[in-house]
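Chemist: coords please:
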Amino acid sequence: MTSANAFNWAWICGWSLLALPFSLALLCGRAPAWVRRRATPRMMRARGIGGLILWVSAVASAAFQLAGVTYAGDWFWLRPLAGPVAVLAAIAFVGVTDLAERRRRRVPSPTAQ
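Modeler: Below is the predicted model of the structure:
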């Protein structure tokens, strides 16, 4: 086992220990009280999905290195999709959902009197 492999395994374990439980807790609605006061259940689910996408992108980048996917390999096209594109997609998903929730709270529904 080389030092690069040890770093990749530590990277996978670190992200799995830190990001995965928090993302799953947000996805299931089990968040701390300070998060529940400021976010709607829909927003907490969106943040949980965004966290899972970030976790997958972080773990996939290290897994590709462990699997030996090189720049000249057949699977190289998947590497940018699992890395920066997934991170930007997660940020855009959470941002758009946050804006929609803010707008939904600001505009009263037509049935409200």
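
Chemist: Just the endpoints, please. Distance across stretch 19-39?
Modeler: End-to-end span of stretch 19-39 (Cα to Cα, to the nearest Å): 19 Å.

Chemist: In that stretch, which of the residues would be classed as buried?
Modeler: Going by neighbour count (16 or more other Cβ atoms under 10 Å), the buried part of stretch 19-39 is 19, 22-23, 25-27, 31, 39. Quick note: C-beta positions are derived from backbone N, CA and C, even for glycine.

Chemist: can you redo the residues you listed as CSV with pLDDT?
Modeler: Conversion of the buried residues of stretch 19-39 to CSV gives the following (pLDDT from 0 to 100):
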residue, pLDDT
19, 90
22, 89
23, 91
25, 91
26, 89
27, 90
31, 82
39, 82
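
Chemist: Buried residues in the lowest-mean-pLDDT helix or strand in the chain, which are they?
Modeler: Lowest on mean pLDDT, DSSP states H and E among the helices and strands of the chain sits helix 78-80, with a mean of 75. Within helix 78-80, the residues scored as buried using 16+ other Cβ under 10 Å are residue 79.

Chemist: ok, the buried residues of stretch 19-39 vs residue 98, which is closest?
Modeler: Closest approach between the buried residues of stretch 19-39 and residue 98, by Cβ to Cβ: residue 39, at 8.7 Å.
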